[in-house]
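K.L.:
Sequence plus predicted model, see below.
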Amino acid sequence: MRQVPLALRPEPQATFEDFLAEPGAVVLEHLRAALPPRAPVYLWGPPGSGKTHLLRALAQACAAGGLGVVWFDASLAAAPAIFPGTALVLVDDVHGLDAAAQQRLFAALVEAQGQGCTWAAAGDAPPVDLPLREDLRTRIAWGHVFALQALDDAGTRRVLLREAARRGIALGEEVLTWLLYRFERDLGSLMRLLDRLDDYALAQSRAVTVPLLRQMLAEDEQDCAA
């Protein structure tokens, strides 16, 4: 019987301070300059470039200042309510919105503009290449547009080591190399793998090592084949 560890891991909170600014110093400076942003913002780049992190950091910073924030993404079945006092609408993964979600988002942005609040959005392509209806694409593109780049090897290592330390994991060089060179390189995938490895090591009462990682992956394959 496998042990199931209790969910004692602290929930990570995205902050501007946690964002590695080297590839995105300009956008970080812009977002921190005014809360909420004075004009709409659109962030685009590949997976792992920090788009969602920056949106969440912006949400946290605004909420800490007593500003109302609403969130919209493709998983929501209804448009967010733009309540009195809303200062910012955040929209993640705009490239994944279907026709119905695009209609809901367009209505939400019209209402937001009518109430004097702005928005920040993120997607995987520049505005001109987004698979969106033209009126929505125009609103997304109006304002400041920033391109983000994925972290290089050194930056990815620093993030992994920082997140491992936050979880109380001693992440050796051999394990770090495995994570970097044998799995998807985007940070979202790596963070999910790190969480999985943390839970598995806790359940096995063992340190995080390459043999433990191999054992976890072998059991995962067996579970998928069952």
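P.N.:
Sure, I can see it.

K.L.:
quick one, strands of the chain?
P.N.:
41-44, 68-72, 86-91, 118-123, 144-147 (DSSP state E).

K.L.:
Isn't Val159 up against Asp152?
P.N.:
No. Assessed by Cβ atoms under 8 Å, Val159 is found out of contact with Asp152, at 11.1 Å. C-betas here are computed from N, CA, C, even on glycine.

K.L.:
ok, these two, which is more surrounded?
P.N.:
Val159 (20 against 11; other Cβ atoms under 10 Å).

K.L.:
which residues sit against the biggest helix by length in the chain?
P.N.:
Taking DSSP state H as the criterion, the chain has its longest helix at helix 187-204. If you take Cβ atoms under 8 Å, 6 or more residues apart in numbering as the criterion, helix 187-204 is touched by 2-5, 9, 47-48, 50, 52, 151, 156, 159-160, 163-164, 167, 169, 179, 183-184, 207-208, 212-213, 215-216.

K.L.:
Near Leu171, how many residues? Count them for me, please.
P.N.:
Counted with other Cβ under 10 Å, the neighbours of Leu171 add up to 19.

K.L.:
how far away is it from Leu179?
P.N.:
8 Å (Cβ to Cβ, to the nearest Å).

K.L.:
Same check on Ala207?
P.N.:
Computed as Cβ to Cβ, the Ala207 to Leu179 distance reads 15 Å.

K.L.:
so what's the residue positioned nearest the centre of the chain up against?
P.N.:
Taking Cα atoms, centre = their mean, the centroid of the chain lies closest to Thr52, which sits 3.0 Å from it. Counting by Cβ under 8 Å, 6+ apart, Thr52 makes contact with 14, 92-93, 122, 188.

K.L.:
which of those residues tops the neighbour count?
P.N.:
Counting by other Cβ under 10 Å, top hit in these: Ala122 with 26 neighbours.

K.L.:
Once you drop chain neighbours, what's closest to it?
P.N.:
Lys51 (3.8 Å; Cβ to Cβ, 6 or more residues apart in numbering).

K.L.:
related to what we said a few turns ago, so can I have JSON lines of the strands of the chain showing distance to Gln222 and mean pLDDT?
P.N.:
Listed next are the strands of the chain as JSON lines, based on distance: least, Cβ to Cβ, whole Å; pLDDT from 0 to 100:
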{"stretch": "strand 41-44", "distance to Gln222": "40", "mean pLDDT": "96"}
{"stretch": "strand 68-72", "distance to Gln222": "38", "mean pLDDT": "90"}
{"stretch": "strand 86-91", "distance to Gln222": "40", "mean pLDDT": "91"}
{"stretch": "strand 118-123", "distance to Gln222": "37", "mean pLDDT": "94"}
{"stretch": "strand 144-147", "distance to Gln222": "42", "mean pLDDT": "94"}
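
K.L.:
Can you redo these as a markdown table, where the extra columns are distance to Leu194?
P.N.:
Formatted as a markdown table, the strands of the chain follow (distance: least, Cβ to Cβ, whole Å):
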| stretch | distance to Leu194 |
| --- | --- |
| strand 41-44 | 24 |
| strand 68-72 | 24 |
| strand 86-91 | 25 |
| strand 118-123 | 23 |
| strand 144-147 | 27 |
